[in-house]
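>>> Can you look at this prediction? I've put the sequence above it.
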Amino acid sequence: MCVGLIVGLSVFFRDRFSTPNKWMERLDQNVFGVYIIHVFILVGLQMAILNVDLSALTKFAIVTIAGLINSFLNSALIRLIPGIKRVI
């Protein structure tokens, strides 16, 4: 079942969402930077929310959404530093 879901979702998203647009191109430029910095951002968010009295699922959703947004924003900001854009 897992293999079927992986293959099925991969084909579905390839067929439906593979058309390039400005938003996807902007995200695409920052993917490698996100790959490098996301761990630090996620750990920081998890530590910040550790003692908050919420369910685990709610904490997961908050950290996931905040982590995605923060990772892409920080990657875009880091790429504004001269010379970094060539590396990341």
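Looks like it came in fine.

>>> For the most centrally placed residue in the chain, pull up the helix or strand it's in.
Residue closest to the average C-alpha location in the chain (Cα atoms, centre = their mean): Leu68, at 3.8 Å. If you go by DSSP states H and E, Leu68 is part of helix 56-78.

>>> for that helix, packing partners?
Using 3 or more Cβ pairs under 8 Å, 6 or more residues apart in numbering; DSSP states H and E as the contact definition, the elements that helix 56-78 packs against are helix 31-49. For every residue, glycine as well, the C-beta is placed using N, CA and C.

>>> Let me see the mean pLDDT of the helix it packs on.
On average, the pLDDT along helix 31-49 is 95.

>>> for that helix, packing partners?
Using 3+ Cβ pairs under 8 Å, 6+ apart as the contact criterion, the neighbours of helix 31-49 among helices and strands are helix 56-78.

>>> Which residues outside the helix or strand just after the helix it packs on are in contact with it?
Downstream of helix 56-78, the next assigned helix or strand under DSSP H and E is helix 84-87. Applying Cβ atoms under 8 Å, 6 or more residues apart in numbering, the external contacts of helix 84-87 come out as 78-79.

>>> Thank you, goodbye.
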